[in-house]
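J.: fold the stuff below for me.
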Amino acid sequence: MKETVVKEPKGKAPQAGASEVVLPQLGFGGMLRWAWRQLTSMRTALFLLLMLAVAAVPGSLFPQRPSAPAEVTQYLKDNPGSGPIMDWFRLFDVYSSPWFAAIYLLLFTSLIGCVLPRAKIHWKAMRSAPPRTPKRLSRLAEYGTVTIPAGSGIDAETAVRDAAAVLKARRYRVDVRDLDTDRPSVGAEIGFMKEVGNLIFHTAMIGVLAAIAFSGLFGYSGQRVLVEGETFVNTLTGYDTFTPGANFGEGRLSPYSATLDRLVVKYDRSTEAHYGQPLDFTATLSVKDGPGAEAKTKTLKVNEPVAVGGTNLYLVGNGYAPVVTVKDGEGNVAFQGPVITIPTDGAYTSLMVIKVPDAKPKQLGFVGFFLPTAVYNDEGVAFGSDPDPFNPVLNLNAYTGDLGLDSGVPRNVFTLDTSGMKEINSRNLDAGGIVLKPNQSYTLPDGNGTISFDGIKRFAALDIRHDPGQAYVLVFALLALAGLMGSLFLNRRRVWVRTGNHPDGRTMVEFGLLARGEDHRLAGEYAAINKALHAKWLVPMDAAGQNDDDQIIINDSAQSVTAASKDQ
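T.: Here you go, the predicted model:
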């Protein structure tokens with residue numbers, strides 16, 4: 001190793017008696033070893049875990065490009081100054097950004113570097129003999145003696161073997177030593193599972209991180225709104241929104257299909273305080289595992305997903321889809337089918353938008369709300385009173401003109417841009433608004449066609465997820481919980497027993513207990529061992545020798561328990 005001589009600064013005379021300080025040069029290899037020790041310390045692992053949690057915060061504050069590209073585009077448009085800077089820092093792609101991946105990988109490496117050396121050290125400790133017997137057991141945290149009467153036929157060697165059997169029955173790892181001396185002893189140790197639990201916990205945390213990374217690489221998620229009677233086919237075009245994993249390939253999509261046969265919602269009709277509140281959502285699906293497979297009927301409920309084709313289908317929302325037919329001014333059917341609405345309250349008052357770009361001579365647009373059970377106040381204004389369709393009503397305003405769908409700018413299907421359109425129906429106009437009940441139709445003014453309310457269907461909002469690491473996350477999470485419980489509730493303890501023969505024929509036994517760390521149950525363990533030893537030699541508890549004159553263990557060279565336990 002090279003040496004560096006630290007000299008006095010120029011212009012200053014060296015002090016009298018001062019010698020030159022020679023510092024060893026760390027070198028490249030030493031720098032690498034130092035960096036590795038810093039990275040694999042538990043303090044660094046905890047700091048990286050905190051950094052990972054903080055780094056994930058922007059992912060919930062700002063729209064993310066994989067899941068909401070339109071929102072990211074709008075954010076950049078609304079914030080021309082700060083938006084590009086944030087985009088440069090990948091705040092709209094947090095979970096795939098280099099800085100987030102760097103924290104994740106450093107945490108992964110730090111945990112591995114923490115666990116492996118500790119596992120190696122603990123393995124050696126488990127295979128090594130318990131520490132040597134201290135000379136002064138009376139200095140231990142818990143100390144006791146037992147006097148075996150003369151004539152019992154139990155000498156010091158027999159007593160120490162009996163003590164070893166008692167400790168082994170209590171699941172201690174024992175080591176009998178000094179049998180060829182007049183004061184044999186036994187050392188025992190228990191609680192290795194505490195550190196094993198700690199290692200299992202950290203290893204399981206590595207497994208959880210690996211499983212999450214695996215799901216992030218090969219998993220995917222998507223959403224689809226299904227109206228009763230519609231079929232979802234597991235292809236990219238079948239999703240309303242789709243979020244692929246980093247290593248996703250279209251070939252990973254299993255070719256299954258699911259048809260929503262019926263969605264039934266049960267409401268509370270028995271209690272006045274909770275009248276009308278939903279109690280149960282049940283969707284009946286016809287599922288096919290492949291194009292030529294036989295359809296199977298499956299039931300989908302909230303928090304009870306349907307598993308098919310390696311994915312889980314979750315029921316996350318529902319609502320009404322009124323069936324509407326729109327004919328244009330030339331009498332042709334320009335639009336026909338169910339319209340997805342957005343519920344806004346517990347009575348399922350739902351916003352509704354209809355866009356008819358194929359209408360002639362001008363495009364048509366409708367905006368309004370759907371009331372499952374409409375009631376009217378004194379001014380004739382309708383509002384919803386119940387989620388069940390007891391008195392369904394459509395209330396719409398009509399527009400004609402340019403819907404703006406041909407400009408190439410993405411448009412929200414649940415909003416209507418009326419800037420380039422003319423209002424032809426509303427309460428503020430002489431024509432009035434459009435009010436329709438089932439099987440009713442309305443003729444639009446100025447020869448713009450007709451609109452009819454043909455019926456009601458329900459829709460189910462599905463969240464579809466393929467998470468290949470889900471089972472592994474569960475297994476490792478349970479292992480982490482088990483390891484954490486073991487590290488918290490198990491205790492590392494050591495017991496030493498020393499025996500000797502008294503000149504009057506009695507056999508003297510002394511024992512002491514020591515805990516590694518805090519152990520409020522050590523006194524209870526002492527009482528249990530004390531009782532077991534007395535029972536082993538049939539010695540009454542009240543006959544235990546507690547007189548210092550009866551103790552035959554004499555220390556010629558004083559040595560503290562702390563010094564004796566340094567060999568642990």
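
J.: ends of stretch 36-46, what's the gap?
T.: Stretch 36-46 has an end-to-end distance of 16 Å (C-alpha to C-alpha, to the nearest Å).

J.: what comes into contact with it?
T.: The contact list for stretch 36-46 (C-beta atoms under 8 Å, 6 or more residues apart in numbering) reads 106-107, 109-111, 113-114, 117. Placement of C-beta: from N, CA and C, glycine included.

J.: now, among the residues you listed, which is nearest to residue 276?
T.: Closest to residue 276 out of those is residue 107 (49.1 Å), distances taken as C-beta to C-beta.

J.: for the closest one, what are its contacts?
T.: Residues counted as contacts of residue 107 (C-beta under 8 Å, 6+ apart) are 45, 48-49, 51-52, 209.

J.: show me what counts as buried in stretch 47-57.
T.: The neighbour-count check on stretch 47-57 (16 or more other C-beta atoms under 10 Å) flags 48-49, 51, 55 as buried.

J.: residue 205 against residue 110, yeah?
T.: No: if you go by C-beta atoms under 8 Å, residue 205 and residue 110 don't touch, sitting 10.9 Å apart.

J.: helix or strand for the residue nearest to residue 26 when sequence neighbours are not counted, which one?
T.: Leaving aside its sequence neighbours, residue 26 sits nearest to residue 34 (C-beta to C-beta, 6 or more residues apart in numbering; 7.0 Å). Under the criterion DSSP states H and E, the helix or strand holding residue 34 is helix 27-39.

J.: do the same with residue 103
T.: Using DSSP H and E, residue 103 sits within helix 98-127.

J.: next: residue 264.
T.: strand 257-267.

J.: could you do residue 211 as well?
T.: Per DSSP H and E: residue 211 is located in helix 192-218.

J.: thinking again about what came up before, just the buried residues of the contacts of stretch 36-46.
T.: Buried members of the contacts of stretch 36-46, counted by 16+ other C-beta under 10 Å: 106-107, 109-111, 113-114.

J.: for the residues you listed, which one is nearest residue 371?
T.: residue 107 (52.8 Å).

J.: got the buried ones among the contacts of stretch 36-46 as a markdown table, with distance to residue 279 and pLDDT columns?
T.: Compiled in a markdown table, the buried ones among the contacts of stretch 36-46 are given as follows (distance: C-beta to C-beta, whole Å; pLDDT from 0 to 100):
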| residue | distance to residue 279 | pLDDT |
| --- | --- | --- |
| 106 | 49 | 90 |
| 107 | 44 | 87 |
| 109 | 50 | 87 |
| 110 | 49 | 87 |
| 111 | 45 | 84 |
| 113 | 53 | 85 |
| 114 | 50 | 83 |
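
J.: would JSON lines of the residues you listed with distance to residue 213 be doable?
T.: Below are the buried ones among the contacts of stretch 36-46 laid out as JSON lines (distance: C-beta to C-beta, whole Å):
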{"residue": "106", "distance to residue 213": "13"}
{"residue": "107", "distance to residue 213": "11"}
{"residue": "109", "distance to residue 213": "13"}
{"residue": "110", "distance to residue 213": "15"}
{"residue": "111", "distance to residue 213": "13"}
{"residue": "113", "distance to residue 213": "18"}
{"residue": "114", "distance to residue 213": "18"}
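
J.: coming back round to it: could you pull out the buried residues of the strand holding residue 264?
T.: The neighbour-count check on strand 257-267 (16+ other C-beta under 10 Å) flags 257-260, 263, 265, 267 as buried.

J.: same thing with stretch 345-363?
T.: Across stretch 345-363, burial judged by 16+ other C-beta under 10 Å covers 347-350, 352-356, 359, 362-363.

J.: number of residues surrounding the closest residue to residue 62 other than its chain neighbours?
T.: Closest residue in space to residue 62, ignoring its immediate chain neighbours: residue 91 at 5.3 Å, by C-beta to C-beta, 6+ apart. Using other C-beta atoms under 10 Å, residue 91 has 20 other residues around it.

J.: repeat for residue 148
T.: What residue 148 shows, counting by other C-beta under 10 Å, is a neighbour count of 29.

J.: re the thing from before, what's downstream of the helix holding residue 34, the next helix or strand?
T.: Downstream of helix 27-39, the first helix or strand assigned by DSSP H and E is helix 42-55.

J.: quick one: that following helix to chain centroid distance?
T.: 16 Å (C-alpha atoms, centre = their mean, to the nearest Å).

J.: list the contacts of the helix or strand that it is followed by.
T.: Downstream of helix 42-55, the next assigned helix or strand under DSSP H and E is helix 57-61. Applying C-beta under 8 Å, 6+ apart, the external contacts of helix 57-61 come out as 91, 94-95.

J.: and these, which is closest to residue 151?
T.: Of all the contacts of helix 57-61, residue 95 has the smallest distance to residue 151: 78.8 Å, by C-beta to C-beta.

J.: please report how far the residue lying closest to the closest one once chain neighbours are set aside lies from residue 223.
T.: Spatially, and ignoring its direct neighbours in sequence, residue 95 is nearest to residue 59 (6.0 Å; C-beta to C-beta, 6+ apart). Distance of residue 59 to residue 223, computed by C-beta to C-beta, to the nearest Å: 18 Å.

J.: repeat that for residue 287.
T.: Relative to residue 223, and taking C-beta to C-beta, residue 287 is found at 18 Å.

J.: between those two, who's got more neighbours?
T.: The neighbour comparison of residue 287 against residue 223 (other C-beta under 10 Å) goes to residue 287, with 21 against 18.

J.: from the contacts of residue 107, which two are the most distant?
T.: Pairwise over the contacts of residue 107, using C-beta to C-beta, the maximum falls at 51 and 209, 13.8 Å.

J.: how about the contacts made by residue 357?
T.: Residue 357 makes contact with 363, 403, 405, according to C-beta under 8 Å, 6+ apart.

J.: nearest to residue 180 among the residues you listed?
T.: Of all those, residue 405 has the smallest distance to residue 180: 98.9 Å, by C-beta to C-beta.

J.: still on that earlier bit, I'd like to know which elements the helix holding residue 211 is packed against.
T.: For helix 192-218, the helices and strands in contact under the criterion 3 or more C-beta pairs under 8 Å, 6 or more residues apart in numbering; DSSP states H and E are helix 98-127, helix 470-489, strand 492-501.

J.: got the buried residues for that helix?
T.: Across helix 192-218, burial judged by 16+ other C-beta under 10 Å covers 193-209, 211-216, 218.
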